[in-house]
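Visitor: Pasting a predicted model and its sequence here:
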Amino acid sequence: MVNDDQWVGEQVMSNVQFDKYYRYTDLTSILHSFAQEFPHLVEIKSIGKSYEGRDIWLMTVTNFATGVAEEKPALWIDGNIHATELAPSIACLYFLQTLVTTYGINPDITRCLDTRTFYICPRVNPDGAEWALADTPKFIRSGTRPYPYDEEPNTGLVMEDIDGDGRILLMRIPDDNGAWKICPTEPRLLVRREPTETGGKYFRLVPEGRIKNYDGVQIEIPRSKEGLDLNRNFPALWRQESQQPGAGPYPTSETEVRSLVEFITSHSNITGAIAFHTFSGVLIRPYSDKSDENFPVDDLRTYQHIGKKGTELTGYPAISAYHDFRHNPKDVITGVFDDWAYEYQGLFAWTVEVWSPQRQAGITDYKYTEWYQEHPFEDDLKLLRWNDEQLAGKGYIDWYPFDHPQLGQIELGGWDTISAWTNPPPQFLEKEIARFPEWLVWHLLISPRLEIYEVSYRNLGDDTYLVRLVVHNTGWLPTYITQQALDKKLVRGCICEIELPPHATLETGKPREDLGQLEGRAYKPVAPTRRQADATKDRAKVEWVIRATKGITVKLLARHERAGVVRAELTLV
Ligand SMILES: [Zn+2]
């Protein structure tokens, strides 16, 4: 699937590499070069400015010759809302390249761009990413706006590459009350000290850095001055600082989130949404805050169907945030993008966590978040072996002595998390992001699509004509997409309009008719039995009686905000 020739087009954008992480200026010029080189398929525009004033780029990808982007069903794709999660930007870039280089070669991509639109926002949070990619990097959760206070912490550990080797590792400090000891069978690894154990050599582990106002005793790990989490700032069950740190002063308070929300709410042709993050190697769907029993039945089924296809095409399990991806079993996460897109826009939306170091190391069956609380020691050995064999020892650094200006003789070492865990090391990047294009194209091809089934007229005599327009939804999903959208009245029905020339009059019918929603094929029964008759709920008909002289032309238009726009002309003779 991944290396199928169909999916690897000619390398037209020869300057783009998929084994590196681009800084903002390079990313910007690459995105512009796509628009310049493929103007018939790609447009670039800024949908807003980041806190530091960088443009947030949006790529619109469709065959512009077959109609404007807004008149076609669309899929939203974004990445890198979290500062250090850089692989998502490159996943978006890779997808962009796949689309433009295989258009006209790959039949699914060709059909998809002829009839539908992708909106791709590769770097939602350019400020945070720029810090992560700087020569002297600084790793924060999300945006660079100070929050909640505009001051650095007075005391405590400030992460820093203190020995100047370009990495931020762990500091291993000898401490009789430490929780860690050297593993007897693999001296590079540390294991937890037994609850009643005494008399050994123990260590305390803290991130590499310097301690501000160190009193020789206390090492606090304070929260960063840049305390925002942009993926808690969406207007869906948003909670205040006391309940959920980093969510911002009010929903969409942050310019990056507001830019996304404004774009998506003003583009009602969007039918689905995917936000790329790292890591864990999973496709996560709502809800984040409640169990699957709360879903409308058909929505859950469809989510599971899309997820199953996603697993088949990407190799990533499809899971529920609430049931399978909670960091604290007593708490939930709210104010996130996918919940907002599902609950408030009625779209099938996903959070895709790119890359799983555990799976790379051969740990196939693991619980994504619980693993960090408890896992077999065998897993640590597997990861170490993976480091030795696949990462040339650059992921896990054996402990080496360092004379710390404040702590004295300590050791540095352990996992270089940012390089090996947070993102795929560059040599693994392309293989990892090549998993997604086929699913993304499939996800958009299941959208509803409005097409004309019949346009006809009958001369009734006496200068009157009966004009008939029949439209149908040729997509798999219904035009309303989700039951959630219907229940919350988020989506209008199919509107049909007739435009008459001067002197012609409408005898019966209204110039604008609302035909309601059109079903797709998604909810057809699995077995064709008589009990489950196959009604034509995908079609709708409107008829008008017109008084006009022979030879006039009437214009017909049908539009559904999520299924597209179709037009027809009819000359009455
Ligand atoms: Zn993330």
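Guide: It's in.
Visitor: show me the contacts for the most centrally placed residue in the chain.
Guide: The residue lying closest to the centre of the chain (Cα atoms, centre = their mean) is Ala275, at 1.0 Å. The contact partners of Ala275, by Cβ atoms under 8 Å, 6 or more residues apart in numbering, come to Ile77, Asp78, Gly79, Ile81, Asn231, Phe337, Asp338, Ala349, Trp350, Thr351, Val352. Every C-beta, even on glycine, is put in place using the N, C-alpha and C of the backbone.
Visitor: One more pass at 10 Å, please.
Guide: Remark: with contacts taken as Cβ atoms under 10 Å, 6 or more residues apart in numbering, Ala275 is in contact with 76-82, 88, 121, 124, 231, 260, 284, 336-338, 341, 349-353.
Visitor: try Trp76
Guide: By Cβ under 10 Å, 6+ apart, Trp76 lies in contact with 58, 117-121, 260, 263-264, 267, 270-275, 337, 341, 345, 347, 349, 444.
Visitor: Now it: phi and psi?
Guide: Dihedral pair for Trp76: phi -90, psi 130, per degrees, to the nearest 10.
Visitor: Strands of the stretch 51-200 of the chain, residue ranges please.
Guide: Residue ranges of the strands in the stretch 51-200 of the chain, as given by DSSP state E, counting those that start in this stretch, are 55-61, 74-79, 117-121, 156-159, 170-174, 180-182, 190-192.
Visitor: cool, and the stretch 451-573 of the chain?
Guide: Secondary structure of the stretch 451-573 of the chain (DSSP E, counting those that start in this stretch): strands located at 464-473, 495-499, 505-508, 512-514, 539-547, 553-560, 564-571.
Visitor: Deepest-packed of these, please.
Guide: Among the strands of the stretch 451-573 of the chain, strand 464-473 has the highest mean neighbour count (mean count of other Cβ atoms under 10 Å), at a mean of 21.
Visitor: Show me what it is packed up against.
Guide: With contacts taken as 3 or more Cβ pairs under 10 Å, 6 or more residues apart in numbering; DSSP states H and E, strand 464-473 sits against strand 450-461, strand 495-499, strand 505-508, strand 539-547, strand 553-560, strand 564-571.
Visitor: Could you list the residues of the chain in contact with the ion?
Guide: Residues of the chain found near the ion (Cβ under 5 Å from the ion) are His82, Glu85, His277.
Visitor: domains in this protein, as residue ranges please.
Guide: Domain ranges of the chain: 24-135+227-355+429-443, 156-224+391-420, 450-571, per automatic domain parsing.
Visitor: Endpoints of the longest one, how far apart?
Guide: In terms of Cα to Cα, to the nearest Å, the two terminal residues of domain 24-135+227-355+429-443 are separated by 29 Å.
Visitor: Repeat that for the shortest one.
Guide: Taking Cα to Cα, the span from the opening residue of domain 156-224+391-420 to its closing residue is 26 Å.
Visitor: In the stretch 51-200 of the chain, which residue sits nearest the ion?
Guide: In the stretch 51-200 of the chain, the residue that lies nearest the ion is His82 (3.6 Å; Cβ to the ion).
Visitor: What count of nearby residues applies to that residue?
Guide: Using other Cβ atoms under 10 Å, His82 has 24 other residues around it.
Visitor: confidence score at the closest residue to it other than its chain neighbours?
Guide: With sequence-adjacent residues excluded and distances taken as Cβ to Cβ, 6 or more residues apart in numbering, His82 is closest to Ser142, at 5.7 Å. With respect to pLDDT, Ser142 scores 96.
Visitor: Ser142 contacts Pro126, doesn't it?
Guide: No. Counting by Cβ atoms under 10 Å, Ser142 does not reach Pro126; the two are 11.7 Å apart.
Visitor: Give me the common contacts of the two.
Guide: By Cβ under 10 Å, 6+ apart, the residues touching both Ser142 and Pro126 are Ala83, Glu256.
Visitor: Run through the residues that contact Tyr147.
Guide: Neighbouring residues of Tyr147 by Cβ under 10 Å, 6+ apart: 223-229, 241, 245-249, 253-254.
Visitor: hang on, I meant Leu445
Guide: Per Cβ under 10 Å, 6+ apart, neighbours of Leu445: Pro73, Leu75, Asp108, Ile109, Arg111, Cys112, Thr115, Arg116, Gly475, Trp476.
Visitor: how many other residues sit next to Phe295?
Guide: 22.
Visitor: my bad, Gln345
Guide: Neighbourhood size, Gln345 [other Cβ under 10 Å]: 25.
Visitor: what sits against it?
Guide: Shown in contact with Gln345 (Cβ under 10 Å, 6+ apart): 76, 236, 261, 264-265, 268, 270-273, 481-482, 484-485, 488, 490-491.
Visitor: Tell me how far it lies from the ion.
Guide: With distances taken as Cβ to the ion, to the nearest Å, Gln345 is found 20 Å from the ion.
Visitor: Next one, pLDDT for that residue please.
Guide: On pLDDT, Gln345 comes in at 98.
Visitor: And for Tyr523?
Guide: The score at Tyr523 is 84. That number is its pLDDT.
Visitor: All further residue positions should be reported with the first residue as 4.
Guide: Taking 4 as the first residue, the last one we looked at is Tyr526.
Visitor: list the contacts for it?
Guide: Contacts of Tyr526 were listed using Cβ under 10 Å, 6+ apart, and they are Val300, Asp301, Arg304, Thr305, Trp479, Leu480, Pro481, Gln486, Lys540.
Visitor: do the same with Glu433
Guide: Val5, Gln20, Phe21, Asp22, Lys23, Ile93, Tyr97, Pro427.
Visitor: ok, so of the residues you listed, who is nearest Arg170?
Guide: Set against Arg170, the nearest of the contacts of Glu433 by Cβ to Cβ is Pro427 (16.7 Å).
Visitor: Which helix or strand contains that closest one?
Guide: Element membership for Pro427, per DSSP states H and E: none, as it lies in no helix or strand.
Visitor: right, and it touches Gln393 too?
Guide: No. The pair Pro427 / Gln393 is not scored as a contact, 11.0 Å apart, by Cβ under 10 Å.
Visitor: Quick check: neighbours shared by the two?
Guide: Counting by Cβ under 10 Å, 6+ apart, the residues touching both Pro427 and Gln393 are Gln363.
Visitor: of these two, who's got more company?
Guide: Higher neighbour count among Pro427 and Gln393: Pro427, with 26 against 16, using other Cβ under 10 Å.
Visitor: Distance-wise, check the more buried one relative to Gly416.
Guide: To Gly416, Pro427 is 22 Å away according to Cβ to Cβ, to the nearest Å.
Visitor: Also Asp302?
Guide: From Asp302 across to Gly416, the span is 48 Å (Cβ to Cβ).
Visitor: With Gly131 instead?
Guide: Distance of Gly131 to Gly416, given as Cβ to Cβ: 27 Å.
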